[in-house]
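Chemist: below are the sequence and a predicted model for it; my questions follow.
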Amino acid sequence: MLPRSRLRFFTALRAPPCTRRFATESRLASDHVRIVEVGPRDGLQNEKKSIPKETKLELIQRLAKTGVTTIEAGSFVPAKWVPQMASTSEICEQLLTSPPPSQNTIAYNYLVPNIKGLESLVKIMDATGVPADSKPGTTTEVSLFAAATEAFSKANTNCSIAESLERIKPIVALAKTKNIRVRGYVSVALGCPYEGPDVDPSKVADITASLLEMGADEVSVADTTGMGTAPRTNELLTTLKAAGIASTDLALHFHDTYGQALVNTIVGLEHGIRIFDSSVGGLGGCPYSKGATGNVSTEDLIHTIHSLGMNTGISLEEMSKIGTWISGELGRVNDSRAGKATSARL
Ligand SMILES: CC(C)(COP(=O)([O-])OP(=O)([O-])OC[C@H]1O[C@@H](n2cnc3c(N)ncnc32)[C@H](O)[C@@H]1OP(=O)([O-])[O-])[C@@H](O)C(=O)NCCC(=O)NCCSC(=O)C[C@@](C)(O)CC(=O)[O-]
């Protein structure tokens, strides 16, 4: 039998339909959920064929008009590690010097694996004369990443978990002096391609706490392999809470490899998480995780969140059009069910 703490979510799901609808909607209605669109970075980074810079820019600029407020625009990593991201400097410069794309303030976020990556970003900000937080209409943010298992840390960052945390400290410190908002990631929080599905939730809690103590403004807990299930997501979030980590400091980042991302999202919502990462058209994959598919699609996430009476501020129709367009540009199958259904009706 499941312990009492693990029953809350399942009780809601097992209730008769009308009670279930009331229970979920009354607790969650009118809440705002911030979606972090990771398609241009996480979604594109593993595409084998080189994607023209113009297509990436068009993707970002179209996304910025849908109502989404945070977009991962690229990563400052060595081209030998991730060739697809080699155009990030040019994209960043262009975004900093272009007029604001919409009435919303858009945060453009860049992944930086080390201090060198952040220095490259700062150099562009200095050269364009655009500080992180002062341009009307856009702001600049960074994401840093650590992993919950030693094997994945080595594969993804060529160092141990402890070394990766040491590497992150000066990045956060420099970002703070430049007023750059910092997001942390903890990869393989619900399953590792090398060490299997049983990742220790207390290890995830320790790394999350370290990132927050260093000064990260939020930490995105990532199910890189999509191995996470509802009970294990519940167990992880319960452990994070018991470690004193507030739900408002957390985001969740689900890949949909086993089709569990939306179920796990509901578990996250029940735990008070209100920031979720996703990619338009379900773009993405992971080079270190055999068979891994992309992130949960933004269109499916919007559809689910809106169906619960919550709001994202994003137009499902506009997002669906972009999912259809970018899938065509890349010659890949659109991985969003809600996106395909919505597009078919437009
Ligand atoms: C961390 C390193 C750099 C260590 O890689 P390394 O090879 O150990 O680095 P190094 O310090 O020894 O440097 C090697 C060379 O790279 C250069 N270099 C060094 N740094 C940079 C830089 N920033 N930009 C440009 N060049 C750089 C450096 O100057 C040197 O050049 P050389 O002397 O050989 O000519 C590497 O392991 C790396 O880039 N890892 C990141 C790989 C990556 O981007 N993975 C995908 C992102 S994480 C992810 O997708 C997961 C996430 C976030 O989405 C959440 C989830 O789902 O889990």
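Modeler: Perfect, thanks for sending it.
Chemist: can you give me the strands for the protein?
Modeler: 34-37, 70-75, 106-111, 138-147, 181-187, 218-223, 250-254, 275-278 (DSSP state E).
Chemist: and these as CSV, adding distance to the ligand, mean pLDDT and mean neighbour count?
Modeler: In short, each C-beta sits where N, CA and C put it, glycine included. Below are the strands of the chain laid out as CSV (distance: least, Cβ to the nearest ligand atom, whole Å; pLDDT from 0 to 100; neighbours: other Cβ atoms under 10 Å):
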stretch, distance to the ligand, mean pLDDT, mean neighbour count
strand 34-37, 11, 98, 25
strand 70-75, 5, 98, 26
strand 106-111, 6, 96, 24
strand 138-147, 5, 96, 24
strand 181-187, 3, 98, 25
strand 218-223, 4, 98, 26
strand 250-254, 5, 98, 25
strand 275-278, 8, 98, 27
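Chemist: in the chain, where is pLDDT below threshold?
Modeler: Applying pLDDT under 70 to the chain flags residues 1-30, 134-135, 286-289.
Chemist: flag every residue of it that's near the ligand.
Modeler: Neighbours of the ligand within the chain, by Cβ under 6 Å from any ligand atom: 42, 45, 75-78, 81-82, 111, 113-114, 116-117, 145, 156-158, 185, 187, 222, 224, 253.
Chemist: change it to 5 Å
Modeler: When proximity is defined by Cβ under 5 Å from any ligand atom, the chain lies next to the ligand at 42, 77-78, 81-82, 113, 116-117, 145, 157-158, 185, 187, 222, 224.
Chemist: which of those residues are buried?
Modeler: 42, 77, 82, 113, 117, 145, 157, 185, 187, 222, 224 (16 or more other Cβ atoms under 10 Å).
Chemist: could the strands of the chain go into JSON lines alongside distance to residue 312?
Modeler: What follows is the strands of the chain, written out as JSON lines (distance: least, Cβ to Cβ, whole Å):
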{"stretch": "strand 34-37", "distance to residue 312": "5"}
{"stretch": "strand 70-75", "distance to residue 312": "12"}
{"stretch": "strand 106-111", "distance to residue 312": "15"}
{"stretch": "strand 138-147", "distance to residue 312": "19"}
{"stretch": "strand 181-187", "distance to residue 312": "18"}
{"stretch": "strand 218-223", "distance to residue 312": "17"}
{"stretch": "strand 250-254", "distance to residue 312": "14"}
{"stretch": "strand 275-278", "distance to residue 312": "9"}
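Chemist: number of nearby residues for residue 295?
Modeler: When neighbours are counted by other Cβ atoms under 10 Å, residue 295 registers 33.
Chemist: need the contact list for residue 91.
Modeler: Going by Cβ atoms under 8 Å, 6 or more residues apart in numbering, residue 91 touches 53, 56-57, 60, 73-74.
Chemist: quick check: longest helix in the protein by residues?
Modeler: helix 161-177 (DSSP state H).
Chemist: surely residue 269 meets residue 309?
Modeler: No - applying Cβ atoms under 8 Å, one finds residue 269 not in contact with residue 309, separated by 11.3 Å.
Chemist: who's more crowded, those two?
Modeler: Between residue 269 and residue 309, residue 269 has the larger neighbour count (other Cβ under 10 Å), namely 23 against 15.
Chemist: nearest to residue 292, of the strands of the chain?
Modeler: Residue 292 sits nearest to strand 218-223 of all the strands of the chain, at 10.0 Å, using Cβ to Cβ.
Chemist: check which helices and strands that closest one sits against.
Modeler: strand 181-187, helix 201-214, helix 230-242, strand 250-254, strand 275-278 (3 or more Cβ pairs under 8 Å, 6 or more residues apart in numbering; DSSP states H and E).
Chemist: try it again with 10 Å
Modeler: Under the contact definition 3 or more Cβ pairs under 10 Å, 6 or more residues apart in numbering; DSSP states H and E, strand 218-223 sits against strand 34-37, strand 138-147, strand 181-187, helix 201-214, helix 230-242, strand 250-254, helix 261-270, strand 275-278.
Chemist: dump those to JSON lines, plus distance to residue 105.
Modeler: Compiled in JSON lines, the helices and strands packed on strand 218-223 are given as follows (distance: least, Cβ to Cβ, whole Å):
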{"stretch": "strand 34-37", "distance to residue 105": "12"}
{"stretch": "strand 138-147", "distance to residue 105": "6"}
{"stretch": "strand 181-187", "distance to residue 105": "12"}
{"stretch": "helix 201-214", "distance to residue 105": "24"}
{"stretch": "helix 230-242", "distance to residue 105": "29"}
{"stretch": "strand 250-254", "distance to residue 105": "18"}
{"stretch": "helix 261-270", "distance to residue 105": "25"}
{"stretch": "strand 275-278", "distance to residue 105": "16"}
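Chemist: since that was my last question, I'll sign off now.
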